[in-house]
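**Q** Pasted the sequence and its predicted model underneath.
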Amino acid sequence: MFFAEYLIGILSITEIGYILFLAPMYGGGALLIREVTRRTSRGIITMLVLGIAYGLIEEGLIDQMLFNRFYLSDQDQWKSFIPFLGIDGRLTVYVLAMHAIWSTCIPIIIVEALFPKQGIKPWLSKSGLGIVTSIFILGSVYLSYDTYIEKQFFASTLQLLGTTIAVILLIILSFNFGSHTSTSTTTAPKPWFLGIFSLVASSVFMLADSSYGWDGFAVCVITVVVFFIIVFRWSRRIGWGDIHRIAIAGGGIVTYAWLGLFSGSFIFAFGAIILLVVAVRKLRKSRIRMN
């Protein structure tokens, strides 16, 4: 929520009170993704796929922005419309990537780095898991109702059914990825290089998203596919670990931070960088103790 909404400037410091209404859905969703992934001994790929599923739940079922062409403006800004799905291609790629990366995976990576002693252990008991699930559902229902009252829009039955099926398939798919180990004899890239690579790739993605139409859609898709293929190959090299993951997360955070400056999000940008630095320092100290 902090990275996805406030850091980039979608919500300003004057709207900080919205946290009370957004946290049950955003925070609850990210926490559930983290708990399910760790309890089943899965890794970051499972989190990413579940993050996409979360994006479909929020934008397809809760606020239904994917199907409402006037959600963001009174003017129709859909320039890459896919008629048989009733969605805009560029917008869909953007919001699903945003939720998979900035709403879920980056916060999880940062918080795990801030509390390295917990490692990949579950944070919640079974009763705690049930409570968080209930909070997530209640928060989602409230936001869905509130959005309907404001937008006076409701997607078609086929759109909602199709989204639900897609979510279920993504959840099933996510558990087909385990925590992989190094299979290459090559050493993993330096963390600083990964951070720069992530910063450049995420910046290209965000700048391409500002270009409406199929050109923006194509650049967004190519950037995402190429980025994850390269990172996946690097992640199978010798020495890959938490410090590499937080370097990639850091690149994404810096991208949202510099973009947020144009919306006046100076306080959030400063806070995000400080949080990143603290997380990296704690992770490094933890590695030194382990060695």
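**A** Arrived safely.
**Q** Near Trp192, how many residues? Count them for me, please.
**A** Neighbours of Trp192 under the rule other Cβ atoms under 10 Å: 10. The way it works is simple: take the backbone N, C-alpha and C, and place the C-beta from them, glycine included.
**Q** So it versus Lys285, what's the distance?
**A** Here the criterion is Cβ to Cβ, to the nearest Å. By it, Trp192 lies 18 Å from Lys285.
**Q** Val277 now?
**A** When Cβ to Cβ is the yardstick, Val277 and Lys285 sit 13 Å from each other.
**Q** And Arg34, by the same measure?
**A** Between Arg34 and Lys285 the distance, using Cβ to Cβ, works out to 22 Å.
**Q** who has more neighbours, those two?
**A** With other Cβ under 10 Å as the criterion, Arg34 and Lys285 differ in neighbour count, and Arg34 comes out ahead with 23 against 11.
**Q** Setting the sequence-adjacent residues aside, check what's closest to the more buried one.
**A** The shortest distance from Arg34 to any residue other than its chain neighbours is 4.7 Å, reached at Ile108 (Cβ to Cβ, 6 or more residues apart in numbering).
**Q** To what extent is that neighbour buried, counted in neighbours?
**A** The tally of other residues near Ile108 (other Cβ under 10 Å) stands at 21.
**Q** Likewise for Glu59?
**A** 23.
**Q** Is it correct that it is in contact with Val95?
**A** Yes - applying Cβ atoms under 8 Å, one finds Glu59 in contact with Val95, separated by 5.0 Å.
**Q** Where do the helices of the stretch 101-250 of the chain begin and end?
**A** Secondary structure of the stretch 101-250 of the chain, counting by DSSP state H, counting those that start in this stretch: helices at 106-114, 126-151, 157-174, 191-209, 214-234, 242-261.
**Q** right, and these - which one's nearest Met25?
**A** The closest of the helices of the stretch 101-250 of the chain to Met25 is helix 126-151. By Cβ to Cβ, the value is 4.3 Å.
**Q** Give the other helices and strands that that closest one contacts.
**A** In this structure, helix 126-151 makes packing contacts with helix 19-39, judged by 3 or more Cβ pairs under 8 Å, 6 or more residues apart in numbering; DSSP states H and E.
**Q** What lies in contact with the helix it packs on?
**A** For helix 19-39, the surrounding residues in contact (Cβ atoms under 8 Å, 6 or more residues apart in numbering) are 1, 4-5, 43, 46-47, 50-51, 54, 57-58, 62, 103-104, 107-108, 112, 120-124, 129, 132-133, 135-136, 138-140, 142-143, 146.
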